[in-house]
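Trainee: could you work out the structure for the sequence below:
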Amino acid sequence: MLRINIGSLKPGVKLGKDIFTSNAQLLLPAGTVISNEHLQSFKSRNITEVFIMEASPKLKSEKKFDDVYSDSLTVVKSFMLEAKLGKPLEMDEISDTTNLLLEQVFDAGDLFRQMRLMKDKDDYLFTHSVNVALLCILIGRWLNYDKETIKELGEAGLVHDIGKVFIPDHVLNKPGKLTNDEYEEMKKHTVMGYNLLIQSEAVSNNIATAALMHHERADGSGYPMGKKGYDIGLCSSVVAVADVYDAVTSTRVYSTKRSPYIAAEILWEESFGKLDPRISKVFYDKVTNFYVGNEVLLSNNERGLVIYVDPTQPTRPVVKVGEKFYDLNKDRSLTVMEIID
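Mentor: Next up, the predicted model:
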């Protein structure tokens, strides 16, 4: 099954998932053969994407996602270990890995599903690096940047936390809240990463700066410099958004993972004075659309299917539970707690 933009949809293909209207009425059932009349109806109802049964050729590597992901983890572990041992960074290997990741980021809906399956595949530091790289590439595509810029964003994502290899394990992997001294120690990873990266002529200043500034916030509350304003560079701004999203949706030693909807709401809140709204708003607008058709766990412990996302309130979808419909935009007591694979 493939999610496809209406502009690329041709008559004759079969619908892969039911389509519901904004008031939770079934518009078209799965299996319907799409006609020109259906296409016109989609446009009039502002339906931009649907699932179809037929698979169409994808401009992506034949290599499976989990293989590419595993190979990328191996590379991340390798260059981080070598950095810890004082060896120079092999940027060619990082560049080649980014090229493989670039080939995987075409179907955004499938990308989020695959990333969820990979969440606990390895140590958080390593999976986080690969996830942030994938998200940076995706954001770059959403913002229509050129190929070279998108690749640089992916490379910045892969190495943004490299400075953490110099943080003592008892601080980096502490299961509880850090003391003030430990937090000050943790914050050093941005400067340490930057100092390491600038030693390599193959690393662009944009990538090194992203390692330094991805925790800066426009209101001055970030680190290491407490810099105010949004002029921290494109790579830094994109990595900051990707970093927050993946951190919130991941299980870490000191916190449990939260749903993509909660992560999106956090990004929305931080769009006002902390994260660059040009980037965080695009991510917020798009990310929750990819969970239409997914089973979710609600805060009342009921399981249901996301059938509609209101573009004005994308984190408050309509969820179908049996014969009941919950409109989370109207029922503010409910939230999506988890995406169920």
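Trainee: so which residues of this structure form strands?
Mentor: 2-5, 19-20, 26-28, 49-52, 295-298, 303-308, 318-321, 324-327, 336-340 (DSSP state E).
Trainee: which of these sits closest to Gly154?
Mentor: Among the strands of the chain, the nearest to Gly154 by CB to CB is strand 2-5 (22.0 Å). The C-beta positions use only the backbone N, C-alpha and C, and glycine is treated the same way.
Trainee: gap between His170 and Tyr254?
Mentor: Distance, His170 to Tyr254, using CB to CB, to the nearest Å: 13 Å.
Trainee: residues near Leu101, how many?
Mentor: 24 (other CB atoms under 10 Å).
Trainee: quick one: contacts for it?
Mentor: Val68, Ser72, Val130, Ala133, Leu134, Ile137, Gly154 (CB atoms under 8 Å, 6 or more residues apart in numbering).
Trainee: re the thing from before, mind putting the strands of the chain into JSON lines with mean neighbour count, mean pLDDT and distance to Arg113?
Mentor: Shown next, in JSON lines, are the strands of the chain (neighbours: other CB atoms under 10 Å; pLDDT from 0 to 100; distance: least, CB to CB, whole Å):
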{"stretch": "strand 2-5", "mean neighbour count": "15", "mean pLDDT": "66", "distance to Arg113": "11"}
{"stretch": "strand 19-20", "mean neighbour count": "20", "mean pLDDT": "78", "distance to Arg113": "20"}
{"stretch": "strand 26-28", "mean neighbour count": "15", "mean pLDDT": "80", "distance to Arg113": "23"}
{"stretch": "strand 49-52", "mean neighbour count": "20", "mean pLDDT": "76", "distance to Arg113": "13"}
{"stretch": "strand 295-298", "mean neighbour count": "18", "mean pLDDT": "92", "distance to Arg113": "12"}
{"stretch": "strand 303-308", "mean neighbour count": "19", "mean pLDDT": "92", "distance to Arg113": "13"}
{"stretch": "strand 318-321", "mean neighbour count": "20", "mean pLDDT": "94", "distance to Arg113": "18"}
{"stretch": "strand 324-327", "mean neighbour count": "16", "mean pLDDT": "94", "distance to Arg113": "22"}
{"stretch": "strand 336-340", "mean neighbour count": "18", "mean pLDDT": "87", "distance to Arg113": "8"}
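Trainee: among those strands, which is nearest Gly12?
Mentor: Going by CB to CB, the one of the strands of the chain nearest Gly12 is strand 49-52, 10.2 Å.
Trainee: okay but Asp227 is in contact with Glu216, surely?
Mentor: Rather than Asp, residue 227 is Lys. Yes - if you go by CB atoms under 8 Å, Lys227 and Glu216 touch, sitting 4.7 Å apart.
Trainee: more crowded one of the two?
Mentor: Each of Lys227 and Glu216 has its neighbours counted (other CB under 10 Å); Glu216 has more, 26 against 17.
Trainee: quick check: Met91 touching Val203?
Mentor: Yes - here Met91 lies in contact with Val203, judged by CB under 8 Å, at a distance of 5.9 Å.
Trainee: pick out the residue nearest the middle of the protein.
Mentor: The centroid of the chain falls nearest to Leu135 when counting by CA atoms, centre = their mean (4.2 Å).
Trainee: now do the residue lying farthest from the centre of the chain, the pLDDT please.
Mentor: Going by CA atoms, centre = their mean, the residue of the chain most distant from its centre is Glu37, 35.2 Å out. The model reports Glu37 with a pLDDT of 81.
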